[in-house]
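K.L.:
Structure for the following, please:
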Amino acid sequence: MNVRVVTDSTCDLPAAVRQSAGIVTVPLRLHFEDQVFRDRVDMNDREFLSRLVAAKVPPSTSQPPPGDFEAVYRQLFEEGADEIVSVHIAAALSGTVSSATIAAQAVDPNRIHVVDSRTVSLGTGFLVLEAVERAAQGDSAQEIVARLATMPDRVGIICLLDTVRYLLLGGRIGKVRAMLGTALAIKPLIGLGPDGSVVPLGRVRSRASGVRRLAELLAEHRPLERCGVIYVGDPEEGLSLADETRRTYPEMEVIADHCSPVLSTHTGPNTIAYCYLEAQP
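P.N.:
This is a model prediction of the structure:
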């Protein structure tokens, strides 16, 4: 049984990991006024951040069109795939699951299984890794999907924002607004609710206290099965936090990577976050 795994550009698994595992990535879209770019295809992270900071009109984002998924699904079947598991950013945050579902219906709904990860970034990435590992063990697509269904309730994201400006501009502030009021100097800690919507976890007035609080909140979810650090901008702080986390959890691999431009549009520069998967009871 040849089961192939598809995801989207917001899953934030390092490119080398995706390539070695044979994961196919479909990019979301970035809109800078009248220009449209494919996420992590038409510009790199540094180029994106330069444009983001300089932009007079903030960029918007959108899901891939169904045709992008159709092309990928058809190509994988031509290459010999028996079934496809397609794992994507939470439907509460993006229309990507909808686009993938439309494409699956058009190509082969019986052999393409679209999964709403109900999370984002490496949270989605952890489900993707699980799907790849299960496929390598010979599990069927149905068995893989059943396994993935048990994971979202154990996945979490703890994110420290440097500013609330980009949440406000992107209209994704939701339940966080009441916590923040109008104090733009506040640095919020946010996470995702059960459906993938943004929820408040607290607020701090300094970055140092915020980074310490990230580690404290992560420790509340031990024991952990997987963990990763995501950052926006200069990698030094993110890689340092990842090294510190490896010393705290020496038995666990800790992934570290830059956040995708599409997600960075809504969080802004200097964001740093933990993504984690709690161990099964």
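
K.L.:
secondary structure class for residue 157?
P.N.:
strand (DSSP: H, G, I helix; E, B strand; the rest coil).

K.L.:
That one reaches residue 274, doesn't it?
P.N.:
Yes. With contact defined as C-beta atoms under 8 Å, residue 157 and residue 274 form a contacting pair (7.1 Å). All C-beta atoms are positioned from the backbone trio N, CA, C, and that covers glycine.

K.L.:
Tell me which of the two has more neighbours.
P.N.:
A count of neighbours by other C-beta atoms under 10 Å puts residue 274 above the other of residue 157 and residue 274, at 25 against 21.

K.L.:
And the more buried one, what's its pLDDT?
P.N.:
At residue 274, the model reports a pLDDT of 98.

K.L.:
quick thing: my sequence starts at 395, can you match it?
P.N.:
Sounds good: first residue 395 from here, last item residue 668.

K.L.:
residues touching it, list them.
P.N.:
551, 552, 553, 608, 611, 612, 621, 622, 623, 624, 639 (C-beta atoms under 8 Å, 6 or more residues apart in numbering).

K.L.:
State whether it is indeed within a helix.
P.N.:
No. The assignment for residue 668, made by three-state DSSP, is strand rather than a helix.

K.L.:
how close does it sit to residue 610?
P.N.:
In this structure, residue 668 and residue 610 are 11 Å apart, going by C-beta to C-beta, to the nearest Å.

K.L.:
again, but for residue 445
P.N.:
Per C-beta to C-beta, residue 445 is found 35 Å from residue 610.

K.L.:
Neighbour count for those two, which is higher?
P.N.:
Counted by other C-beta under 10 Å, residue 445 and residue 610 do not tie: residue 445 has more neighbours, with 16 against 10.

K.L.:
just checking, that one touches residue 437?
P.N.:
Yes. Residue 445 is within contact range of residue 437, at 7.5 Å (criterion: C-beta under 8 Å).

K.L.:
What is the neighbour count of residue 602?
P.N.:
Residues contacting residue 602 under the criterion other C-beta under 10 Å number 8.

K.L.:
ok, now residue 519?
P.N.:
Residues near residue 519, counting by other C-beta under 10 Å, number 30.

K.L.:
cool, and residue 606?
P.N.:
12.

K.L.:
just checking, next helix/strand downstream of the helix or strand bottoming out on mean pLDDT in the chain?
P.N.:
When the helices and strands of the chain are scored by mean pLDDT, DSSP states H and E, helix 570-574 comes last with a mean of 52. Moving toward the C-terminus from helix 570-574, the next helix or strand (DSSP states H and E) is strand 581-586.

K.L.:
can you give me the helices for this protein?
P.N.:
409-415, 439-448, 460-472, 490-501, 516-530, 535-542, 559-564, 570-574, 601-613, 629-642, 655-661 (DSSP state H).

K.L.:
which of these has the lowest average pLDDT?
P.N.:
Averaged per stretch, pLDDT over the helices of the chain is lowest on helix 570-574, reaching a mean of 52.

K.L.:
gap between the residue nearest the centre of the chain and residue 522?
P.N.:
The centroid of the chain falls nearest to residue 515 when counting by C-alpha atoms, centre = their mean (1.3 Å). Distance, residue 515 to residue 522, by C-beta to C-beta: 11 Å.
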